[in-house]
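Colleague: I would like the atomic coordinates for the input below:
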Amino acid sequence: MAVLYTPVLIVGAGVAGSVLALELAHHGVPSIVVERATRDPRHRELNLVSGRSMELLRRLGLSDAIRPHGIDPDGEADVLWVRGLDQPPVLVSRLPSVNQLLSAYAQGGDGRAPVEPYLVLPGSELTGRLRAAARAHPLVDLREGWTFTDLRPSASDSRTEGDQGGAVAVLLEAGTGVRHVVQARYLAGCDGAQSTVRRCLGVVMEHLTTPVQHYTVYFRSDEMTDGPAHPRTIITAGLTLSWRPDEDLWIGYLPLSADEATTADPAALLQDRLGLGPDAAEIVAVAQSEESPRVAAAYQRGPVYLAGEAAHRFHPPGDTVDTCVGDAVDLGWKLAAAVRGWGGPALLASYEDERRRRALIDQELASRALETRSRFGRLADAGASHEVLAGVLGPEPAPTDVAGTGPADGAGRSAVVWREPGAVTRTVPGCRPPAVRMSDGGQLFDRLGPQFTLVDLTDGAHGTALVATAEARGIPMRHLTVADTVVRACWEEGLVLVRPDQHVAWRSGADQADWDRVLDVVTGHRSQEHVNT
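Modeller: The predicted structure follows:
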């Protein structure tokens, strides 16, 4: 049997797998991607891609390709908490439209707002567009209709530092039934919630809460024809409803009791919880799943890594998009550094530290959100007053995460950074730096390089020595000298080293430093005791 060879084998071409392949290609690293499906998925749920994720996709030239397929940019998405569909809402949270945010961002600011506003689009469109971009890229070998079936360690003795000999995957080609073997230096399991790669590794998923069975019911109803022209989510006792105006379609998420999980009729259950008349709902499709926020116990075993929904799962599933994009970008640039030879072992090791930490935070937030919905429903069923229900929900939350003005993905917890003594400003290592619109109207982020970028705000280009040292060691680094007063006012430090994922790796106001030591830490060649965690 012929053996195929590739630096990186990616299993799964969903959001995480496609972005990972494109991130590797962004750094000049080829990959093979295997996807068992032969058609693009048909996910009816709407996905909300935050401004921060759109920034990351913009680096790869993808934002312009997917934004036209989003829901009406003039529409304001809202969330309504109601006791019943025939009663006024207890709380309404409204998100400004994309165009409203674009207008606000154009006025400038302190750099907290993202370069790109959020995007709402069907999950099928998001996955399909990302997969199409991967399919078209010359460095991505996308093999659709190929199924990953088994994994075993490599027998190769030709190992380089940190690659642990690579992995061998067995793949089944659906059209011919032929089995193929792929030898990969690294393998990434991006094959979803039922990940075969994760099963082969023996990695379990850790649940924060007890799993609950859910029905997801897609329906239309003559008694519910007054949906707005923009996306809407309605949270009420017993279910959550999402409205897709482009398809005139409601999507109901119904948690099930132990008895209902085996006996309930979806149509009858939906009508009972909504108070609809007989035959009032036209059921388009039904799916049943066991849901609870959960995270993989480990993200790595040797040269094999987990990313996306193979590593974490939240409810509803569309809530994982930002975490999936963050996983793919973080793993992608670090794998590229290892393949290219300038990334040390601590760099790849930091992937699990950074991304699993992020997933645990998101898991906790998702669990709290689910508990709030459950508590609201229980109180509503018990007859609690409007005032009591409003008190449970608290004040209307500001949509900072969606707008991108909250903490950057993984902020403050980067594992491979160098911190100068007394660092206290906003360009703190591990954080996303201010995304400043420059005096000429251009975006500073658009001028960052694909690898490391030294943003040099000193009057004498004092970072020249660091860049020269990096080049002598084969570490790719762009030297970006900036005299713009707007940038200098926000960034403050004279020298700021930015990672490929737009997080700060190191900074200093001094013109002298132990450059080799700095480079050793930010590229993962120094031991963890020297690394900020």
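Colleague: first vs last residue of stretch 108-118, how far apart are they?
Modeller: 17 Å (CA to CA, to the nearest Å).
Colleague: Assign Asn331 to helix, strand or coil.
Modeller: Let me fix one detail, which is that residue 331 is Leu and not Asn. helix (DSSP: H, G, I helix; E, B strand; the rest coil).
Colleague: Am I right that it is in contact with Val19?
Modeller: No - at 9.7 Å, Leu331 does not count as touching Val19 under the criterion of CB atoms under 8 Å. For glycine as for every other residue, the C-beta is placed from the backbone atoms N, C-alpha and C.
Colleague: pLDDT averaged over the helix ranked longest in the chain - what is it?
Modeller: Assignment by DSSP state H gives helix 345-381 as the longest helix of the chain. Per-residue pLDDT values over helix 345-381 give a mean of 89.
Colleague: That helix - contacts with which helices or strands?
Modeller: Counting contacts by 3 or more CB pairs under 8 Å, 6 or more residues apart in numbering; DSSP states H and E, helix 345-381 is packed against strand 232-236, strand 294-296, strand 300-301, strand 312-313, helix 321-340, helix 386-393.
Colleague: who wins for proximity to Leu130 among these?
Modeller: In terms of CB to CB, the element of the helices and strands packed on helix 345-381 nearest to Leu130 is helix 321-340, at 9.4 Å.
Colleague: how far away is the closest residue in space to Pro500 that isn't next to it in sequence from Ala285?
Modeller: In this structure, Pro500 finds its nearest non-sequential neighbour in Trp333, 4.0 Å apart by CB to CB, 6 or more residues apart in numbering. Applying CB to CB, to the nearest Å, the value for Trp333 to Ala285 is 38 Å.
Colleague: which one of the two has more residues nearby?
Modeller: Remark: of Trp333 and Ala285, Trp333 carries more neighbours, 24 against 13, as counted by other CB atoms under 10 Å.
Colleague: For that one, give me its contacts.
Modeller: By CB atoms under 8 Å, 6 or more residues apart in numbering, the contact list for Trp333 reads Glu23, His27, Gln451, Arg499, Pro500, Asp501.
Colleague: Kindly provide the distance from the fourth one to Val8.
Modeller: According to CB to CB, Arg499 stands 19 Å off from Val8.
Colleague: mind checking pLDDT for Gly412?
Modeller: Gly412 is given a pLDDT of 31.
Colleague: and Trp81, helix, strand or coil?
Modeller: strand.
Colleague: So what's the residue count around the closest residue to Arg232 other than its chain neighbours?
Modeller: Nearest residue to Arg232, sequence neighbours excluded (CB to CB, 6+ apart): Trp243, at 4.3 Å. For Trp243, the count of nearby residues is 21 (other CB under 10 Å).
Colleague: In a helix, Trp243, correct?
Modeller: No - counting by three-state DSSP, Trp243 is not part of a helix but strand.
Colleague: give me every residue that touches it.
Modeller: Trp243 neighbours (CB under 8 Å, 6+ apart): Gly227, Pro228, Pro231, Arg232, Thr233, Ile234, Leu249, Trp250, Ile251.
Colleague: Show the pLDDT at it.
Modeller: Taking Trp243 on its own, its pLDDT is 88.
Colleague: Just list whatever residues bridge to it.
Modeller: Taking DSSP bridges as the rule, Trp243 bridges to Arg232, Trp250.
Colleague: That one and Ala77, how far apart?
Modeller: From Trp243 over to Ala77 the distance is 10 Å, taken as CB to CB.
Colleague: Please identify the buried residues of the longest helix of the chain?
Modeller: The neighbour-count check on helix 345-381 (16 or more other CB atoms under 10 Å) flags 345-359, 362-363, 366-367, 370, 373, 376-377, 379-380 as buried.
Colleague: surely Asp110 meets Pro434?
Modeller: Yes - assessed by CB under 8 Å, Asp110 is found in contact with Pro434 at 6.2 Å.
Colleague: what touches both of the two?
Modeller: Cys490.
Colleague: Compare these two (neighbour count), which wins?
Modeller: Using other CB under 10 Å as the criterion, Asp110 and Pro434 rank with Pro434 on top: 21 against 13.
Colleague: Excluding sequence neighbours, find me the nearest residue to the more buried one.
Modeller: Gly111 (2.3 Å).
Colleague: for that neighbour, helix, strand, or coil?
Modeller: coil.
Colleague: Would you mind measuring from it to Leu457?
Modeller: 14 Å.
Colleague: same deal with Asp440?
Modeller: 16 Å.
Colleague: Specify which residue of those two has the higher count of neighbours.
Modeller: Between Asp440 and Leu457, counted using other CB under 10 Å, Leu457 has the larger neighbour count: 22 against 7.
Colleague: isn't the more buried one right up against Val487?
Modeller: Yes - with contact defined as CB under 8 Å, Leu457 reaches Val487; the gap is 6.9 Å.
Colleague: surely Gln502 meets Pro434?
Modeller: No - applying CB under 8 Å as the test, Gln502 and Pro434 come out as separate, 10.8 Å apart.
Colleague: residue contacts, Ser439?
Modeller: Counted by CB under 8 Å, 6+ apart, Ser439 has contacts Asp484, Thr485, Val486.
Colleague: Now the phi/psi pair for it, please.
Modeller: The phi/psi pair for Ser439 (degrees, to the nearest 10) reads phi -60, psi -30.
Colleague: can you tell me how far it sits from Leu91?
Modeller: Distance from Ser439 to Leu91, by CB to CB: 42 Å.
Colleague: go on, Gln300?
Modeller: Taking CB to CB, one finds Gln300 at 42 Å from Leu91.
Colleague: got it, and Asp150?
Modeller: Counting by CB to CB, the gap from Asp150 to Leu91 is 50 Å.
Colleague: Give me the more crowded residue out of these two.
Modeller: More crowded of Asp150 and Leu91, by other CB under 10 Å: Leu91, with 18 against 13.
Colleague: Distance of the residue nearest to the more buried one when sequence neighbours are not counted relative to Pro88?
Modeller: In this structure, Leu91 finds its nearest non-sequential neighbour in Trp81, 4.4 Å apart by CB to CB, 6+ apart. Going from Trp81 to Pro88 by CB to CB gives 11 Å.
Colleague: out of the two, which sits in the more crowded spot?
Modeller: Trp81 (21 against 10).
Colleague: doesn't Leu393 make contact with that one?
Modeller: Yes - using CB under 8 Å, Trp81 makes contact with Leu393 at a distance of 5.9 Å.
Colleague: Find residues that contact each of those two.
Modeller: In contact with both Trp81 and Leu393: Val90, Leu91, Phe376, using CB under 8 Å, 6+ apart.
Colleague: Now do the contacts for the closest residue to Cys200 other than its chain neighbours.
Modeller: Counting by CB to CB, 6+ apart, Cys200 lies nearest to Leu151, which is 4.1 Å off, once chain neighbours are set aside. By CB under 8 Å, 6+ apart, the residues touching Leu151 are Ala167, Val168, Ala169, Val170, Leu187, Val197, Cys200, Leu201, Val304.
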